[in-house]
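1. Fold the stuff below for me.
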Amino acid sequence: MLKGTPRHADILVCSGPVTRQVKDRLVRIYEQMPEPKFVVAVGTCACSGGVFKNCYNVGGGIDSAIPVSVYIPGCPASPKAIIDGVVKLLESLKQQNSTPKKTVETKDL
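-> Below you'll find the model as predicted:
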């Protein structure tokens with residue numbers, strides 16, 4: 001039976017605020033992901049803490065623990081906004097990859 005792990009993930013989708021209980025786990029999962037890795041914060045709670053921002057156990061949005069690639073606001077985030085955020089992430093990757101790179105040719109032995 002196959003089992004998904006963070007070591008197989010390219011994108012981490014987060015949909016809630018960072019609490020004291022979750023922060024260490026979130027950082028550990030992020031560190032286990034291979035490069036290149038991307039974090040998508042979906043919803044107001046993930047972006048800034050939302051209505052839980054000033055609660056005693058909430059540290060804020062996802063960016064208070066790990067770097068975020070794309071913010072998708074909304075409470076709840078609409079499907080259109082989620083698709084738009086993912087498309088913008090893909091477009092930014094396409095622009096990063098379009099820069100000319102030095103190619104290395106190898107010979108068959």
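
2. Going by C-alpha atoms from here, please, whenever you check contacts or count neighbours.
-> Fine.

3. spatially speaking, which residue is in the middle of this structure?
-> Centre of the chain computed as the mean C-alpha position; nearest residue by C-alpha atoms, centre = their mean is Val39, 0.7 Å away.

4. helices and strands around the host helix or strand of that residue, which ones?
-> Assessed by DSSP states H and E, Val39 sits inside strand 38-42. Strand 38-42 sits against strand 11-14, strand 70-72, with contacts defined as 3 or more C-alpha pairs under 8 Å, 6 or more residues apart in numbering; DSSP states H and E.

5. Could you rerun that using 10 Å?
-> Helices and strands touching strand 38-42, as assessed by 3 or more C-alpha pairs under 10 Å, 6 or more residues apart in numbering; DSSP states H and E, comprise strand 11-14, helix 44-48, strand 70-72, helix 79-97.

6. So which of these is the most surrounded?
-> Among those, helix 44-48 has the highest mean neighbour count (mean count of other C-alpha atoms under 10 Å), at a mean of 24.

7. The next helix or strand after that helix pairs with which strands, parallel or anti?
-> Where DSSP H and E defines the elements, the next helix or strand beyond helix 44-48 is strand 58-60. Applying DSSP bridges, strand 58-60 is found paired with strand 18-19 (antiparallel).
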